[in-house]
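>>> Output the structure for:
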Amino acid sequence: MKFSAPRGTHDLWAQDAARLNNLELIAREVFERYNFSEIKFPAFEDAGLFTRSIGEATDIVEKEMYVFEDRKGRKLALRPEGTASVVRSLVENQLLQKLPVSKLFYCGSMFRYERPQAGRYREFYQIGAEYFGNAGPSADAEVIILNKEILSRAGIANFNIHINSLGCRECRPVFRKSLTEYFGEAGKSADLCSDCQRRIDKNPLRVLDCKVDGHKFGGVPKMYDSLCPSCLEHFKRVRGLLDAAGCGYEIDHKLVRGLDYYTRTIFEIRSSALGAQDAISAGGRYDNLVEELGGAKTPAVGFALGSERVITAATASSKNLEPGAPEKIFVAVSSPVLENEAFSVAAALRGLSPQVVIEGPFADKSLKSQFKLADRFGAGKVVIVGEEEFRRGCLTVRDMATKQQSEAGIEGVKNGTYRI
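Numbers count the residues shown, from 1 in each chain. Here you go, the predicted model:
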């Protein structure tokens with residue numbers, strides 16, 4: 001029976017895997033300079049964690065989570081995003097009591113039952129960061145600029161940063177009311193999709209995030225007009241800090257994001273290289289989530305980028321994520337009786353330089369077949385362990401580009417005194 005990868009998943013190998021590794025390496029280097037430490041958390045959690053944090057009226061909870069019961073009837077879910085798990089870990093392990101200001105990042109796969117399309121998968125990779133304990137606008141600006149730096153170093157030529165403010169518990173109800181009244185006028189809701197009609201009363205902000213009817217909301221009220229003085233000042237200071245750092249942005253009054261835990265600053269970064277589905281990264285502030293999940297009231301802000309989407313956008317305009325071309329050496333052997341000796345040479349070469357890739361020997365193949373393998377492998381040099389040369393304590397080194405050959409002492413090759 002032949003098996004295929006499940007719909008919405010994909011295999012990464014060779015160059016694709018290398019590009020993902022290079023993106024994560026770039027991200028790690030940037031995170032370390034901003035004093036972020038890595039956290040790893042389970043691939044599945046109690047399903048209630050995500051329902052509570054993300055929100056029952058979101059697409060993720062209603063349509064996209066992979067939920068299952070284990071053998072003891074516990075309701076679990078594959079992680080659809082990382083923030084809730086990071087907060088759960090901090091609260092459970094009381095880490096914020098030990099370090100009230102904490103900066104954490106993660107890299108890993110997430111799972112959502114979405115319609116597969118270019119750059120969107122049901123198992124996908126994310127890189128994210130969470131900054132706890134700083135209520136000031138400088139944390140918002142720092143996270144946005146950090147996110148921008150990762151994307152720039154990945155080689156994305158053109159991207160735009162969209163920002164908005166969702167206000168707080170005091171001013172958001174005012175906006176919710178104005179939205180409900182707006183959609184209730186003259187039967188406006190009748191022209192909306194079934195999801196929007198259901199959400200108008202339950203969570204009207206989710207209507208603005210609709211992928212079907214979003215283009216219809218030209219005259220919709222703006223959250224900005226409902227912000228309380230404190231949220232208005234916070235948003236003003238975030239913009240001032242971004243201006244001071246030379247970080248361009250666009251205020252997007254329709255931006256709400258698809259997760260209920262956000263407060264105040266939210267942002268989304270988009271790349272024209274991806275077409276209509278252009279979001280490559282997003283995040284924002286979530287000052288109530290730690291408290292809602294059982295911890296002390298703790299301000300927080302974070303973001304996550306979609307690795308596959310970033311890689312697609314980056315490779316369209318640069319080679320920053322392309323794997324390098326390491327030096328490759330192939331060890332060939334002329335006879336199976338010399339397999340041990342050839343294997344010893346390969347092991348010694350691997351120990352000399354971690355930057356050099358060593359392949360072989362294949363003692364069960366003819367020397368001609370081994371040369372064909374070396375060529376497919378892309379070897380620059382082939383070290384040949386031949387019977388006659390071996391009796392003289394030598395090896396033959398062949399340059400695959402020039403076809404020239406030379407002899408070298410076995411011990412000199414193995415101890416590195418002879419540079420191949």
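>>> Can you report phi and psi for the nearest residue to T9 once chain neighbours are set aside?
Nearest in space to T9, with sequence neighbours left out and distances taken as Cβ to Cβ, 6 or more residues apart in numbering, is E123 at 4.8 Å. For the C-beta atoms, the positions are set from N, CA and C on the backbone; glycine is no exception. Its backbone dihedrals place E123 at phi -120, psi 120, with angles given as degrees, to the nearest 10.
>>> hang on, R74 packs against D46?
Yes: using Cβ atoms under 8 Å as the test, R74 is close enough to D46 to be in contact (7.3 Å).
>>> More neighbours: these two, which one.
Neighbour comparison, R74 and D46: the larger count goes to D46, with 13 against 10 (by other Cβ atoms under 10 Å).
>>> show me what contacts that one?
If a contact means Cβ atoms under 8 Å, 6 or more residues apart in numbering, then D46 has R74, K75, L76, A77 as its contacts.
>>> from the residues you listed, which would you call buried?
With neighbours counted using 16 or more other Cβ atoms under 10 Å, the contacts of D46 contain these buried positions: L76, A77.
>>> K403: which of the contacts of D46 is nearest?
Within the set of the contacts of D46, A77 lies nearest K403; the separation is 59.4 Å, counting by Cβ to Cβ.
>>> and the closest one, what is it in contact with?
Neighbouring residues of A77 by Cβ under 8 Å, 6+ apart: F44, E45, D46, A47, L49, F50, M65, Y66, V67, F68.
>>> That one and D278, how far apart?
Look at A77 and D278: by Cβ to Cβ, to the nearest Å, they are 28 Å apart.
>>> Just the CA trace of stretch 9-19, in PDB.
Output of stretch 9-19 as PDB, limited to C-alpha atoms (Å, rounded to 0.1, in the frame of the first residue of the first chain):
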ATOM      1  CA  THR A   9       1.200  19.000   5.000                       C
ATOM      2  CA  HIS A  10       4.500  19.000   3.200                       C
ATOM      3  CA  ASP A  11       7.900  17.500   3.400                       C
ATOM      4  CA  LEU A  12      11.000  19.700   3.700                       C
ATOM      5  CA  TRP A  13      14.300  18.300   2.500                       C
ATOM      6  CA  ALA A  14      17.600  19.400   1.000                       C
ATOM      7  CA  GLN A  15      17.300  23.100   0.000                       C
ATOM      8  CA  ASP A  16      13.800  23.700   1.500                       C
ATOM      9  CA  ALA A  17      15.000  22.300   4.900                       C
ATOM     10  CA  ALA A  18      18.200  24.400   4.700                       C
ATOM     11  CA  ARG A  19      16.200  27.600   4.000                       C
END
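>>> buried set for that stretch?
Going through stretch 9-19 with 16+ other Cβ under 10 Å, the ones that come out buried are R19.
>>> Could you do stretch 89-102 as well?
Across stretch 89-102, burial judged by 16+ other Cβ under 10 Å covers S89, L90, V91, L95, L96, S102.
>>> now, which of those sits nearest F235?
Compare each of the buried residues of stretch 89-102 with F235 using Cβ to Cβ and the shortest gap goes to S102, at 24.3 Å.
>>> Is it correct that that closest one is in contact with L90?
Yes: under the criterion of Cβ under 8 Å, S102 lies in contact with L90, with a separation of 6.9 Å.
>>> Give the residues shared as contacts by those two.
When contacts are counted by Cβ under 8 Å, 6+ apart, the set common to S102 and L90 consists of L96, F132.
>>> ok now do the closest residue to Q117 other than its chain neighbours, which residues does it touch?
Counting by Cβ to Cβ, 6+ apart, Q277 is the residue found nearest to Q117 once chain neighbours are left out, at 6.8 Å. Under the criterion of Cβ under 8 Å, 6+ apart, the contact list for Q277 reads Q117, A118, G119, R120.
>>> measure the first one to E268 for me?
Meaning Q117. Between Q117 and E268 the computed distance is 18 Å (Cβ to Cβ).
>>> Please say which of the two ends up with more neighbours.
E268 (21 against 11).
>>> That one belongs to a strand, doesn't it?
Yes: note on E268: a strand contains this position according to DSSP: H, G, I helix; E, B strand; the rest coil.
>>> can you list the weak-confidence ranges in the stretch 1-150 of the chain?
Within the stretch 1-150 of the chain, the stretches with pLDDT under 70 are 57.
>>> Please, where are all the strands along it?
Per DSSP state E, counting those that start in this stretch, the stretch 1-150 of the chain carries strands over the ranges 37-38, 44-46, 67-69, 75-78, 102-111, 123-132.
>>> Give me whichever of those is most buried.
strand 123-132 (a mean of 23; mean count of other Cβ atoms under 10 Å).
>>> Strand 102-111 and that one, what's the angle between them?
With axes from the mean of the first three to the mean of the last three Cα atoms, to 10 degrees applied, the angle from strand 123-132 to strand 102-111 works out at 160 degrees.
>>> what packs against strand 123-132?
Helices and strands touching strand 123-132, as assessed by 3 or more Cβ pairs under 8 Å, 6 or more residues apart in numbering; DSSP states H and E, comprise helix 15-33, helix 83-92, strand 102-111, helix 137-154, strand 300-306, helix 307-315.
>>> Could I get those in JSON lines, plus columns for distance to S366?
Formatted as JSON lines, the entries for these read as follows, by distance: least, Cβ to Cβ, whole Å:
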{"stretch": "helix 15-33", "distance to S366": "30"}
{"stretch": "helix 83-92", "distance to S366": "54"}
{"stretch": "strand 102-111", "distance to S366": "43"}
{"stretch": "helix 137-154", "distance to S366": "45"}
{"stretch": "strand 300-306", "distance to S366": "48"}
{"stretch": "helix 307-315", "distance to S366": "39"}
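>>> Please tell me how far the closest residue to A154 other than its chain neighbours sits from N22.
For A154, the nearest residue in space outside its immediate sequence neighbours is A314; the separation is 4.5 Å by Cβ to Cβ, 6+ apart. Here the criterion is Cβ to Cβ. By it, A314 lies 9 Å from N22.
>>> Need the overlap of contacts for these two.
Common contact partners of A314 and N22 (Cβ under 8 Å, 6+ apart): N320, L321.
>>> Who has more neighbours out of the two?
Relative neighbour count places A314 above the other of A314 and N22, with 27 against 19, counting by other Cβ under 10 Å.
>>> low-scoring stretches of the stretch 201-350 of the chain, by residue?
Low-confidence regions of the stretch 201-350 of the chain, defined here as pLDDT under 70, cover residues 201-202, 206, 209-218, 258-259.
>>> domain parsing for the protein?
Each structural domain of the chain that the record assigns through automatic domain parsing is listed here as a residue range: 15-171+227-315, 328-415.
>>> Would you tell me which one of these is buried the most?
The highest mean neighbour count among these belongs to domain 15-171+227-315 (a mean of 18), with neighbours defined as mean count of other Cβ under 10 Å.
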